[in-house]
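Visitor: Attaching a predicted model along with its sequence, questions to come.
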Amino acid sequence: MAWFRRERPLRWAVVVASPSGEAGDQWGDTWFGRDLVEALTRHGQKAKLVYRGGASSEARDEDDVVLVLRGLRQVSPRRAGNTWLLWVISAGARDAIAAGVPLGVYGVGWSEFIDAQYIRGEFLPNAEVPAAYAAAGMVLNDHWPEMAADGFLSNRLFDAVASGARVVSDEAAGLREVFGDAVVTYSTPEQLRDILHAPFDTTFPDHERRIANAERIAQEHGFDARAAQLISAAHEMRGSR
C-alpha cells in the first residue's frame with residue numbers, strides 16, 4: 001500500500017466532538033484524534049486536530065480531507081470541493097450492573113446513569129489507560145444496539161485487546177471475525193454473570209495467547225494501519241471525481 005506516498009501529501013483536518021482547552025483533554029475523543037493525527041503525519045500527510053467548534057469553520061475549505069470522528073454531535077460538510085470522511089466511534093455500557101459485577105468506571109457524566117459506588121473517578125490519564133486495562137481482572141465492553149447490529153465495533157475492544165487484557169463484550173456483527181478468541185462474548189446479563197464468576201483459566205485465553213492476540217491487533221488495527229486505509233480511500237475518492 002505504498003503507492004500513495006508518491007502522491008502529493010494531503011491536508012487533513014481530524015474533527016473531534018470534544019471541546020478545546022482543558023475540558024477537551026478529558027475526552028477520549030481528543031486522545032483518539034491526536035493518535036490518528038500522529039499516524040497520518042508518519043505517513044507523510046499534513047494533519048491537524050480540529051475541535052468541535054471548528055467543524056463548520058471556513059478554514060475547512062482549505063483542507064483536502066476532513067475526517068469527522070463521529071460522537072454525539074452532527075457535523076454537516078461545508079462544500080463538495082474537498083473530501084469528507086466519517087468514522088463512527090461512539091459506544092455504550094449497563095449489562096455489568098444488571099449482572100451484579102463489582103464494577104469500576106472512569107469518566108464524566110456517569111452519575112446520571114449509574115450509582116456512585118461504581119465510579120472510581122472522572123478522569124484516567126490517557127497514558128495510564130493501557131496499564132489499567134492490562135492490570136484489570138477483566139475489561140467489560142458493550143455497544144449501542146445499532147452499532148452491534150451494523151458491525152461498528154467499539155474502539156475499546158481494540159485498545160483493551162492490544163493491551164493484553166481479558167476482554168468481555170456483548171455480541172456484535174463481525175466481532176468474532178476480527179478478534180477470534182481474544183474477546184469472550186455474552187448475550188444476556190445472566191450469561192455475563194456466569195462468565196464473570198467462572199475461573200479465568202477456563203474462560204479466557206492464557207497469557208501467551210493474549211500477548212499474541214495483542215500483537216496481531218496492534219499490527220492489523222493500530223492507528224498506522226488505519227491511517228494507511230484512510231489515505232488510500234481519500235485518494236481513491238478524490239481520483240474518482
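Guide: Good, I have the coordinates. Numbers count the residues shown, from 1 in each chain.
Visitor: only C-alpha atoms for contact and neighbour calcs from this point on.
Guide: OK.
Visitor: ok, for the residue most central in space within the chain, nearest residue in space, not its chain neighbours?
Guide: Averaging the C-alpha coordinates of the chain gives a centre point, and the residue nearest to it by CA atoms, centre = their mean is residue 155 (2.5 Å). With sequence-adjacent residues excluded and distances taken as CA to CA, 6 or more residues apart in numbering, residue 155 is closest to residue 89, at 6.5 Å.
Visitor: Looking at the protein, which helix is longest?
Guide: In the chain, ranked by residue count with DSSP state H as the criterion, the top helix is helix 223-239.
Visitor: If you count contacts, what does that helix end up packed against?
Guide: When contacts are defined as 3 or more CA pairs under 8 Å, 6 or more residues apart in numbering; DSSP states H and E, helix 223-239 sits against helix 28-42, strand 83-88.
Visitor: Out of those, which one sits most buried?
Guide: For those, ranked by mean neighbour count under the definition mean count of other CA atoms under 10 Å, the leader is helix 28-42 at a mean of 20.
Visitor: tilt between the helix or strand just after it and helix 28-42?
Guide: Elements were assigned by DSSP states H and E; along the chain past helix 28-42, the next helix or strand is strand 46-50. Counting by axes from the mean of the first three to the mean of the last three CA atoms, to 10 degrees, strand 46-50 lies at 170 degrees to helix 28-42.
Visitor: From the chain's centroid, how far away is strand 46-50?
Guide: 18 Å (CA atoms, centre = their mean, to the nearest Å).
Visitor: can you check stretch 171-186 too?
Guide: Averaged over its C-alpha atoms, stretch 171-186 has a centre that lies 15 Å from its chain's centre (CA atoms, centre = their mean).
Visitor: mind checking the end-to-end distance for it?
Guide: This stretch, stretch 171-186, spans 6 Å end to end (CA to CA, to the nearest Å).
Visitor: One more: stretch 148-158?
Guide: Using CA to CA, one end of stretch 148-158 lies 15 Å from the other.
Visitor: Likewise for stretch 177-196?
Guide: End to end - CA to CA - stretch 177-196 spans 23 Å.
Visitor: Tell me how far it lies from the chain's centre.
Guide: Taking CA atoms, centre = their mean, the mean C-alpha location of stretch 177-196 is offset from the chain mean by 19 Å.
Visitor: Next, count neighbours for residue 23.
Guide: Residues within reach of residue 23, counting by other CA atoms under 10 Å, total 9.
Visitor: Assign a three-state SS to residue 215, would you?
Guide: Look at residue 215: counting by DSSP: H, G, I helix; E, B strand; the rest coil, its state is helix.
Visitor: ok, it - contacts?
Guide: If a contact means CA atoms under 8 Å, 6 or more residues apart in numbering, then residue 215 has residue 162 as its contacts.
Visitor: Give me the pLDDT for it.
Guide: Model confidence at residue 215, expressed as pLDDT, equals 97.
Visitor: low pLDDT regions in the chain?
Guide: Within the chain, the stretches with pLDDT under 70 are 1-6, 71-73, 80, 90-92, 94-96, 99, 101, 107-110, 112-113, 240-241.
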